[in-house]
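A.B. asks: Provided below are the primary sequence and the corresponding predicted coordinates.
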Amino acid sequence: MKLAVVEGDGIGSEVISEAVKVLDALSLPIEKVPVELGYGKWERTGNAITDEDLDILKNCDCILFGAITTPPDPEYKSVLLTIRKELDMYANIRPVKPLAGITGVTGRSDFNYVIVRENTEGLYSGIEEIHEDVAYTTRVVTRKGSKRIAEYACKLAKMRHNDVTIVHKSNVMKSDKLFLDVCQQTAEPEDVDYNDTLVDAMAYYLMTYPERYDVVVTTNLFGDILSDMSAAHVGGLGLMPSANIGDKHAFFEPVHGSAPDIAGEGIANPVAAILSVKMMLQWYGYSKEAFLVEMGVNYTLNQGIKTPDLGGTATTRELGDGVIDYIKSQLELESE
Ligand code: NAD
């Protein structure tokens, strides 16, 4: 098994080094292949990601990714969009689940839902024009793209509470009429409960009645916004992992960016990156190890080992070490 490790820019390297230490503590037969991508590389070489980099990524089963800085330079090619498209990772999965000892700003703990976001089209199609007084971005929704994301959502719902909410804006956009129709047609023959909600109302419902939701499926930009908004339930961007899944490849990353405001201070929260490792282990089929990582995070946070974004004083390394100590202690107990 081959894993590409991309630390990226800013806090990317700080959180990924803790995530990799957690993975190493499990002693699994996974070969790590370091790959440098991102803004730092672009500044040095004029290229944030090369064809050779893409070949290396394609030769690995999956990718563990930190974060990269995206400068507002029209010449800069988005690394993330390039990877998602080239490796056709169409499903972005963002679980929204409470963590021990953490209360988000909404004060809720009765939520456990997953946002399934279409990852390759919608408003992030990359089909754009900018002129002096007008700019266009083409919103692309295809039958194929909508069908496969709806199928993924139904499959996931069957492993959870069997409930899918389709989120759209079909009253205004024809592209979402197609998305809604295809999602409904896909869900109908499946043995799942499904319903649909307009995205503006959904933003309110997710904040007010999060306990109602199980699997939420939506288009690219809506999923991006609703999942960052959901960080308010969990307790912050530093706690939110994600997966990008395709038929051949998968890519695991914290939801947050490179956080230049705290980069280099050693205080970034590594939990999102560590929980991204948990999602990767689930994808590989290492269910027991994935559970152990999640337990380690919950145990450590419950002990009060928290970085400053959570109101604590722990460093990135101290939080990572807490998780590793827990995993090692459990593995030792097992071997006795
Ligand atoms: P950001 O997620 O980097 O930071 C937003 C805020 O959250 C900042 O105050 C930051 O300090 C805090 N934060 C984020 N992660 C944290 C963590 N692990 N621990 C503690 N605090 C954390 O978003 P931004 O500031 O809008 O973007 C910064 C750069 O990152 C931009 O160049 C943007 O394009 C890029 N970005 C990259 C990705 C990615 O690589 N997946 C995602 C989002 C943004």
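C.D. replies: Structure received. Model, not experiment: these values are computed from the prediction.
A.B. asks: The protein against the ligand: which residues are in contact?
C.D. replies: 11, 15, 67-70, 80, 237-238, 253, 256-262, 268-269, 272, 309 (Cβ under 6 Å from any ligand atom). Yep, even glycine has a C-beta here, placed from its N, CA and C like the rest.
A.B. asks: In the protein, where is pLDDT below threshold?
C.D. replies: 74 (pLDDT under 70).
A.B. asks: where exactly do the strands run in it?
C.D. replies: 2-8, 31-34, 62-67, 91-96, 113-118, 128-130, 135-137, 163-168, 193-198, 215-218, 241-245, 250-254 (DSSP state E).
A.B. asks: which of those is buried the deepest?
C.D. replies: For those, the largest average neighbour count (mean count of other Cβ atoms under 10 Å) is found in strand 215-218, namely a mean of 28.
A.B. asks: What is that strand packed up against?
C.D. replies: Packed against strand 215-218 by the contact rule (3 or more Cβ pairs under 8 Å, 6 or more residues apart in numbering; DSSP states H and E) you find strand 113-118, helix 143-158, strand 163-168, helix 199-208.
A.B. asks: quick one: contacts of the last one?
C.D. replies: Read it as helix 199-208. Residues outside helix 199-208 that contact it (Cβ atoms under 8 Å, 6 or more residues apart in numbering) are 106, 113, 165, 167-169, 197, 212-213, 216, 218, 222, 225-226, 229-230, 232-233.
A.B. asks: give me that answer again for 6 Å
C.D. replies: Helix 199-208 has contacts (Cβ atoms under 6 Å, 6 or more residues apart in numbering) with 167, 169, 222.
A.B. asks: Next, the angle from that helix to strand 163-168.
C.D. replies: Interaxial angle of helix 199-208 relative to strand 163-168 (axes from the mean of the first three to the mean of the last three Cα atoms, to 10 degrees): 140 degrees.
A.B. asks: and helix 199-208, how far from the chain's centre?
C.D. replies: Computed by Cα atoms, centre = their mean, to the nearest Å, the chain-centroid distance of helix 199-208 equals 20 Å.
A.B. asks: From the residues of the chain next to the ligand, keep the buried residues only.
C.D. replies: 11, 15, 67-70, 80, 237-238, 253, 256-259, 262, 268-269, 272, 309 (16 or more other Cβ atoms under 10 Å).
A.B. asks: tell me the phi and psi of P260?
C.D. replies: As for P260, its main-chain torsions (degrees, to the nearest 10) stand at phi -60, psi -20.
A.B. asks: In the stretch 151-300 of the chain, what residue comes closest to the ligand?
C.D. replies: In the stretch 151-300 of the chain, the residue that lies nearest the ligand is G257 (2.4 Å; Cβ to the nearest ligand atom).
A.B. asks: Fine by me, we can end here.
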